[in-house]
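Colleague: Output the structure for:
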Amino acid sequence: MKKIHFIAIGGSVMHNLAINLSQKGYEITGSDDEFYEPSKSNLKANGILPKETGWFKSKIVDSLDFIILGMHAKKNNPELVEALKKKLKIYSYPEFVYNFCSNKTRIVIAGSHGKTTITSMILHVLKKCDINFDYLVGANIEGFENMVSLSDENEFVVIEGDEYYSSAIDSKSKFFWYKPNITLISGIDWDHINIFPTYESYVNQFKLYVDSICKGGIVVYYENDLELKKIIDYSNNTIKKIPYCIENSIEISEKPILKTDYGDLEVNFFGDHNLENLAGARWVCQLMGVESIDFYETISSFMGASRRLEIVYKGFNNILFKDFAHSPSKVRASCKSVSNAYPKFKKIYCLELHTFSSLNINFIKRYSGTMDSADEILILYDKKIISKKNKTLINNSELKMAFGNKNLEIYNSAFNLCKFLYDKKWDNSLFLFMSSGNYGGISWDKLIKSFSGKK
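Modeller: Next up is the predicted model:
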């Protein structure tokens, strides 16, 4: 039985990986300086929630077989410093996952946007088709209790792979570790400017990633992304290249209706970006042995990944969405999707500026025009987040110029935004709240009461 210590065990993937290994019989300990839901409850339910919050050198003992280091932990983390001093084996989680899965067929879903939804679609279809597989994905999916499952016996492993760095002592992009046999790349849109300060440095990660695909492997890619297409076309790697684009259409009635060669299907998603995701997912499932007719039949029950255009409330004449969109391309896609699907509603879009990139005045300019279909635009630019991330406060007039819209409303306090939302009348309204953070700590129960008129 291996003894493993997780530094920064509270992360979305880290805590799921810790739970999976604990269930396999490994002895797990961990530390973190903050715990959010659902990781706190999940760790507690599995008996591995640390008794105290914080970092403790005393947990770094010689009897540990190795340490898994999360990217939330910084270089000066006292447990990391102690582990390096003791010369213990330290893995980032993608390095550990690769070592565990090196003998499996590795299917990696990459790209600047859509990868969580695409991975979720694939997992849903494979499960419905009774295909055994391992997986790692960063969002909650209906029908899956844990979002990491690594076994000793399954041939396939499906991994959501991203380009962010692996850990404080491993600057390599996570997806470089996986060396995929099959990969899908959904597109490229500059992000993570704290790690990749130029567009060229960001694009170069994908060039190197394509080179990391196993010889004789397969890349499925969105052909309408010209930057991505150029990378694939010029790659000298000996791989098979499969382009994809939108193959179906969706009509909105009481529910979205997906048009396919096998008939019309009620589905739980909409928007061109999800039709792109669907086409990519279908290709990957086909490469794993799923016939197209079975793919469409099973995708009809797909409920979507958590926080991806998630309907929180739907009333007679109003609707409330929660969405993970935070980068310009994601914001544009989400706004376009709800605008096209619900043209008769008054549209109020709210974006929480939360990532390092979105707090940079030069990067913010990339959001210009992304929310033009809105009747009202609200921006949460919380001073507490600015202070926590040691960023310089941008004045409201500069923000409005960067967004290219003088009429948007800027809230520098989450409390004030929440009060405004709770008191607002929502007749004939669609509200889309976009964030990669915690949505200003809003009480969704209170907001739902406001939507339902039960204040």
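Colleague: so where do the strands sit in the stretch 251-400 of the chain?
Modeller: Under the criterion DSSP state E, counting those that start in this stretch, the stretch 251-400 of the chain contains strands at 256-260, 263-266, 310-314, 318-323, 346-352, 376-380.
Colleague: what's the residue lying closest to Asn407 once chain neighbours are set aside in contact with, if anything?
Modeller: With C-beta to C-beta, 6 or more residues apart in numbering as the criterion, Asn407 has its nearest non-adjacent residue at 7.2 Å, and that residue is Ile377. In short, each C-beta sits where N, CA and C put it, glycine included. Going by C-beta atoms under 8 Å, 6 or more residues apart in numbering, Ile377 touches Ile348, Tyr349, Cys350, Leu351, Met371, Phe403, Asn405, Asn407, Leu408, Glu409.
Colleague: Would you list the buried entries among the residues you listed?
Modeller: The neighbour-count test (16 or more other C-beta atoms under 10 Å) applied to the contacts of Ile377 identifies Ile348, Tyr349, Cys350, Leu351, Met371, Phe403, Asn405, Leu408 as buried.
Colleague: these two touch, right, the third one and Ile442?
Modeller: No: the pair Cys350 and Ile442 fails to qualify as a contact (C-beta atoms under 8 Å) at a distance of 9.6 Å.
Colleague: residues shared between the contacts of those two?
Modeller: Common contacts of Cys350 and Ile442 (C-beta under 8 Å, 6+ apart): Leu417, Leu421, Phe433.
Colleague: Would you mind giving both backbone torsions of the second one?
Modeller: Just to be clear, that refers to Leu421. Backbone torsions for Leu421, taken as degrees, to the nearest 10, come to phi -70, psi -40.
Colleague: since we're on it, how many residues are nearby?
Modeller: Residues contacting Leu421 under the criterion other C-beta atoms under 10 Å number 23.
Colleague: Ramachandran coordinates for the nearest residue to it once chain neighbours are set aside?
Modeller: With sequence-adjacent residues excluded and distances taken as C-beta to C-beta, 6+ apart, Leu421 is closest to Leu447, at 5.8 Å. Reported as degrees, to the nearest 10, the phi and psi values for Leu447 are phi -70, psi -40.
Colleague: And the buried ones among the contacts of Ile377, which is closest to Asn268?
Modeller: Closest approach to Asn268 among the buried ones among the contacts of Ile377 (C-beta to C-beta): Tyr349, at 21.6 Å.
Colleague: tell me what the lowest-mean-pLDDT helix or strand in the chain is packed against?
Modeller: Across the helices and strands of the chain, mean pLDDT, DSSP states H and E gives its lowest value to helix 383-388, namely a mean of 82. Helix 383-388 sits against no helix or strand, with contacts defined as 3 or more C-beta pairs under 8 Å, 6 or more residues apart in numbering; DSSP states H and E.
Colleague: Contacts for it, please.
Modeller: Here helix 383-388 has contacts from Leu353, His354, Leu359, Thr392, Leu393, Asn412, Ser413, Ala414, Gly437, using C-beta under 8 Å, 6+ apart.
Colleague: Give me the buried entries from the residues you listed.
Modeller: If you count burial by 16+ other C-beta under 10 Å, the buried members of the contacts of helix 383-388 come out as Leu353, His354, Leu359, Asn412, Ala414, Gly437.
Colleague: on that earlier part again, now, among the buried ones among the contacts of Ile377, which is nearest to Ile246?
Modeller: Nearest to Ile246 among the buried ones among the contacts of Ile377, counting by C-beta to C-beta, is Met371 at 22.9 Å.
Colleague: can you tell me how far the closest one sits from Asp445?
Modeller: Using C-beta to C-beta, to the nearest Å, Met371 is found at 26 Å from Asp445.
Colleague: Single out whichever of the buried ones among the contacts of Ile377 has the smallest pLDDT.
Modeller: Among the buried ones among the contacts of Ile377, Asn405 carries the lowest pLDDT, at 79.
Colleague: For that residue, give me its contacts.
Modeller: Applying C-beta under 8 Å, 6+ apart, we find Asn405 in contact with Ser368, Met371, Asp372, Ile377.
Colleague: was I right about the second one contacting Ser339?
Modeller: Right, the one you point to is Met371. No: contact between Met371 and Ser339 fails when scored by C-beta under 8 Å: they sit 9.5 Å apart.
Colleague: Remind me which helix or strand Ala402 belongs to.
Modeller: For Ala402, the enclosing helix or strand under DSSP states H and E is helix 396-403.
Colleague: name the helices or strands packed onto whatever helix or strand comes next after that helix?
Modeller: With elements assigned by DSSP H and E, the helix or strand that comes after helix 396-403 is strand 409-411. If contacts are counted by 3+ C-beta pairs under 8 Å, 6+ apart, strand 409-411 sits against strand 376-380, helix 396-403.
Colleague: So what's the gap between the longest one and the chain middle?
Modeller: The one in question is helix 396-403. Helix 396-403 has its C-alpha centroid displaced from the chain centroid by 27 Å (C-alpha atoms, centre = their mean, to the nearest Å).
Colleague: got the contact list for that helix?
Modeller: Helix 396-403 has contacts (C-beta under 8 Å, 6+ apart) with 361, 364-365, 367-368, 371, 377, 379, 381, 394, 406, 408, 410, 412.
Colleague: Distance to Tyr199 added to the residues you listed, as TSV?
Modeller: As requested, those are exported to TSV (distance: C-beta to C-beta, whole Å):
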residue	distance to Tyr199
Ile361	17
Ile364	15
Lys365	13
Tyr367	16
Ser368	16
Met371	22
Ile377	26
Ile379	24
Tyr381	24
Ile394	21
Lys406	27
Leu408	26
Ile410	27
Asn412	30
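Colleague: Narrow those residues to those that are buried.
Modeller: Ile364, Tyr367, Met371, Ile377, Ile379, Tyr381, Ile394, Leu408, Ile410, Asn412.
Colleague: Lowest-confidence one in these?
Modeller: Ile394 (86).
Colleague: and the residue nearest to the spatial centre of the chain, what pLDDT?
Modeller: Nearest residue to the geometric centre of the chain (C-alpha atoms, centre = their mean): Thr116, 5.1 Å. Per-residue confidence (pLDDT) for Thr116: 91.
Colleague: Distance check, it against Gly25.
Modeller: Distance check for Thr116 against Gly25: by C-beta to C-beta, it reads 29 Å.
Colleague: before we move on, what about Pro94?
Modeller: Pro94 sits 23 Å away from Gly25, going by C-beta to C-beta.
Colleague: Closest one to Leu287 out of the contacts of helix 396-403, please.
Modeller: Closest to Leu287, out of all of these and judged by C-beta to C-beta, is Tyr367, at 35.7 Å.
Colleague: related to what we said a few turns ago, as TSV, the strands of the stretch 251-400 of the chain with distance to Glu297 would be great.
Modeller: Shown next, in TSV, are the strands of the stretch 251-400 of the chain (distance: least, C-beta to C-beta, whole Å):
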stretch	distance to Glu297
strand 256-260	10
strand 263-266	8
strand 310-314	23
strand 318-323	27
strand 346-352	34
strand 376-380	40
